[in-house]
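**Student:** Attaching a predicted model along with its sequence, questions to come.
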Amino acid sequence: MAETTGPSWSDIPVDLAGRILRHLPAYVYRLRFAAVCPQWRAAARLGPLPPPLPLLLLSDSTVYSLPGSKPSHLLVPGCCTGYTDVCGNWLFFSGDDGCFLRNPFSNTTMALPALSLDRIRRLAVCKPGAATSWLYVSADSQYSDFVGMTFHQGKLYALTSMDELFAIEVSLDHSTGDPWVTQMRPVINNPPLLIPAEFFMETKVTYLVEARGALLMVLRKMQPCYAQGVTGIAIFETTAGVQNEFEVFEANFRQSQWTKVTTLGDD
Amino acid sequence: MEVDKGKGEAEETRKVAEADRDTVTLKSSDGKLFEVSKEAAARLSTVLAGMIAGGSIDDNGTDLKQIGSEALENVVDYCNKHANSIPSAALISSSISFNTAPFKEPEEWERKFVDRLSHDALFDLVEAANFLGMERLLDVTCHKISEMMKGKSPDQIREVFNIKNDYTKEELEEIRQELAWAFYDD
């Protein structure tokens, strides 16, 4: 007697697999789906799918994945631990023997020239792959320290420790092809303090990120603990021993202020 | 509708009744007949709506050769239940934040409807809904399938859906690297 076999889930038509994936908006769910079998893997790559929900990655490899607010830890923490800055999907690592960019999603790495440490309070620009050294631009001394930078709609934006936002225009030099800073102007000036006095005993870290077409500032309030860097956004949670609370603000360009947000895009 | 005046009164009444019937008869691949509300079928299935509008509905049972009797029974059951249900607030406005698709959460009865199905029946129903162009049923069934995957590792998903791991060595290495993100402690 032949064994009775039901329909094979691995042979599910590609359009149906795409529909199922639409119900799996979290990035990790989609990864796991694509790891199940070659057919599902092919379906997951065909798209087009709505973008996955943002992930928040701390430099100790703690991950906050929406939906849900429980922190997780990467199975292979080595790939992301210890980065110093982030822009979109690219993590920036800086060490004694040079700098590099790493995209943990596509598992690609790009080497960058080493930064010279005597050029602090300077903006350094270079073109990945082409440059052998950084070009340093004087930052006006009236500006506070930049704590985060990211690209948004073709422009570079920088966040200061006082939650001020600057737009930085980068152009390419026609003769040398080198990137160059042509303009730096304040977008959000002297915003009101986000942390009330009773939180001063806690540590505040802010991150500048782009998610779903919006420029966001993520405010992380926590008990003393060292970590920096983020991609995406997240909401309140408690991790082992360390209390993290997140608030998200969107840059409101028209009113020159930060607007607190609880949802993203059209959702 | 043209009525043949040469036939007896009973015959005439039957024909008129058929033209005005508020149900359509569907025939599964294994020859079983099912009655379904015409209004619900036209509203829920683009394919059936087209057949009804185009007059290609057979009163003796419209052949649906791609759909087995178990799946067709579920399709008909869903349409008839839908015809009797009053859309609730959940169907009109979504309160779910961070949802990527304009998908309205399943109604309680829709949830129960798919929860009672075996995996094989669910699979056949998804394919039938796909064939018949039934958007809402597709959403409800695909949502159910996605729920069965959430929080599970690829190994656990394979177990649930009885899928063989037949990746090549190269693909497995690639996947292993990607899965750095695929933490399972959620």
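**Tutor:** Okay, I see it. Residues are numbered from 1 along each chain as shown, chains lettered A, B, ... in the order given.

**Student:** Disregarding flanking residues, what is the spatial nearest neighbour of the spatially most central residue of chain B?
**Tutor:** Central residue of chain B (Cα atoms, centre = their mean): residue B:129, 3.3 Å from the mean position. The shortest distance from residue B:129 to any residue other than its chain neighbours is 4.1 Å, reached at residue B:137 (Cβ to Cβ, 6 or more residues apart in numbering or on different chains). C-beta here means a position set from N, CA and C on the backbone, and glycine is covered the same way.

**Student:** surely that neighbour meets residue B:46?
**Tutor:** No - counting by Cβ atoms under 8 Å, residue B:137 stays clear of residue B:46, with 11.5 Å between them.

**Student:** Looking at the two, which has the bigger crowd around it?
**Tutor:** Higher neighbour count among residue B:137 and residue B:46: residue B:137, with 25 against 13, using other Cβ atoms under 10 Å in any protein chain shown.

**Student:** Output the lowest mean pLDDT helix or strand found in chain A.
**Tutor:** Within chain A, no helix or strand scores below strand A:237-239, which has a mean of 35 by mean pLDDT, DSSP states H and E.

**Student:** Next SSE downstream of that strand?
**Tutor:** Sequence-wise, the next helix or strand downstream of strand A:237-239 (DSSP states H and E) is strand A:242-252.

**Student:** so how many other residues sit close to residue A:129?
**Tutor:** 9.

**Student:** before we move on, what SS does residue B:175 have?
**Tutor:** helix (DSSP: H, G, I helix; E, B strand; the rest coil).

**Student:** per-residue confidence at the closest residue to it other than its chain neighbours?
**Tutor:** Among residues not flanking residue B:175 along the chain, residue A:35 sits closest, at 4.8 Å (Cβ to Cβ, 6+ apart). With respect to pLDDT, residue A:35 scores 89.

**Student:** Check the spacing between residue A:35 and residue B:174 real quick.
**Tutor:** With distances taken as Cβ to Cβ, to the nearest Å, residue A:35 is found 10 Å from residue B:174.

**Student:** neighbour count winner among the two?
**Tutor:** Between residue A:35 and residue B:174, residue A:35 has the larger neighbour count (other Cβ under 10 Å), namely 25 against 15.

**Student:** residues in contact with that one?
**Tutor:** A:41, B:154, B:175, B:178-179, B:182 (Cβ atoms under 8 Å, 6 or more residues apart in numbering or on different chains).

**Student:** how about it, phi and psi?
**Tutor:** Residue A:35 adopts backbone torsions of phi -90, psi 0, taken as degrees, to the nearest 10.

**Student:** do the same with residue A:108
**Tutor:** Torsion angles, degrees, to the nearest 10, at residue A:108: phi -120, psi 150.

**Student:** which parts of the helix or strand in which the residue nearest to residue B:129 is found are buried?
**Tutor:** Assigned by DSSP H and E, residue B:137 belongs to helix B:135-149. Using 16 or more other Cβ atoms under 10 Å in any protein chain shown as the test for burial, helix B:135-149 gives B:136-146, B:149.

**Student:** same thing with stretch A:111-130?
**Tutor:** For stretch A:111-130, using 16+ other Cβ under 10 Å, the buried residues are A:112, A:115, A:123-126.

**Student:** of those residues, closest to chain B?
**Tutor:** Chain B has its nearest neighbour among the buried residues of stretch A:111-130 in residue A:112, at 22.0 Å by Cβ to the nearest Cβ.

**Student:** Closest to residue A:248 out of the contacts of residue A:35?
**Tutor:** residue B:182 (25.0 Å; Cβ to Cβ).

**Student:** Is residue A:175 located within a helix, as I assumed?
**Tutor:** No - counting by three-state DSSP, residue A:175 falls outside a helix, being coil.

**Student:** what's around it, how many residues?
**Tutor:** A total of 6 residues lie near residue A:175 under the criterion other Cβ under 10 Å.

**Student:** how much space is there between it and residue A:156?
**Tutor:** Separation of residue A:175 from residue A:156 (Cβ to Cβ): 22 Å.

**Student:** what's the answer for residue A:220, then?
**Tutor:** 22 Å.

**Student:** With residue A:262 instead?
**Tutor:** 27 Å.

**Student:** And residue B:125, by the same measure?
**Tutor:** Distance of residue B:125 to residue A:156, given as Cβ to Cβ: 51 Å.

**Student:** what about the two, which has more around it?
**Tutor:** In terms of neighbours (other Cβ under 10 Å), residue B:125 is the more surrounded of residue B:125 and residue A:156; the figures are 28 against 19.

**Student:** excluding its backbone neighbours, what's nearest that one?
**Tutor:** That would be residue B:74: by Cβ to Cβ, 6+ apart, it lies 4.9 Å from residue B:125.

**Student:** Can you tell me the SS state at the one you found?
**Tutor:** Relying on three-state DSSP, one would call residue B:74 helix.

**Student:** If I follow the layout properly, it ends up in contact with residue B:117?
**Tutor:** Yes - with contact defined as Cβ under 8 Å, residue B:74 and residue B:117 form a contacting pair (7.1 Å).

**Student:** Now the common contact residues for the two.
**Tutor:** What both residue B:74 and residue B:117 touch, as defined by Cβ under 8 Å, 6+ apart, is the set residue B:125.

**Student:** Could you check which of those two has the larger neighbour count?
**Tutor:** Legend: neighbour count by other Cβ under 10 Å for residue B:74 and residue B:117, higher for residue B:74 (23 against 18).

**Student:** Which SSE is immediately downstream of the least confident helix or strand in chain B by mean pLDDT?
**Tutor:** Lowest mean confidence among the helices and strands of chain B (mean pLDDT, DSSP H and E): helix B:89-92, at a mean of 40. Counting by DSSP H and E, the next helix or strand C-terminal to helix B:89-92 is helix B:108-115.
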